[in-house]
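Engineer: Turn this into a model:
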Amino acid sequence: MKREPPTRCSLLLRNLPRSVTADDVRYHTEKYGPLRDVYIPRDYYTGAPRGIAFVEFSNSRDCEDAKYGLDGRMTLGGREVSVNFAQHGRKRPEAFMKGGGGGGGDYRG
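Structural biologist: Sure, this is the predicted structure:
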C-alpha cells in the first residue's frame, strides 16, 4: 500500500498578547509535530503585533492534533487562545494597507 506524502496545514491562533514572540508560539505548538513556519503578522503602519499568529505544520495530522489539543486549552500572557484552521495562506503586507487586513471569513455583521 503506497502512502500519500504528508500535506501541509496551517492554524490561526487568535487573542494573543501583543508581547508574544514566534518562539513562544513555537514552544506550545511544536510538541504536536514538526513545524514549517511560525508567522506573527504586524500592523503595516505601527509595526506592532496584531494579536494573531499562523503556524504551518509539515503534516496535516499533526496540525489537526494541535488544533484539537490547543483550542481553548492554551493560555499565553493570561489570555485564552483560540485555534482555528487557517483558510488562506500568508498575505503580503500590501494587503493590510487597504482596509484592515483583508477578510475572507463568513462574518456577516
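
Engineer: Which positions within the helix ranked longest in the chain qualify as buried?
Structural biologist: Scanning the chain for the helix with the most residues, using DSSP state H, yields helix 60-70. Judged by neighbour count (16 or more other CB atoms under 10 Å), helix 60-70 contains these buried residues: 62-64, 66-67, 70. For every residue, glycine as well, the C-beta is placed using N, CA and C.

Engineer: Need the contact partners of it.
Structural biologist: With contact meaning CB atoms under 8 Å, 6 or more residues apart in numbering, helix 60-70 is reached by 6-11, 13, 28-29, 32-34, 55, 57, 81, 83-85.

Engineer: next structured bit after it?
Structural biologist: On the C-terminal side of helix 60-70, the closest following helix or strand by DSSP states H and E is strand 74-76.

Engineer: If I look at residue 92, what pLDDT would I see?
Structural biologist: Per-residue pLDDT puts residue 92 at 60.

Engineer: before we move on, the earlier item: buried only: go through the contacts of helix 60-70 for me.
Structural biologist: Those of the contacts of helix 60-70 that meet the buried threshold are 9-11, 13, 28-29, 32-33, 55, 57, 81, 83, by 16+ other CB under 10 Å.
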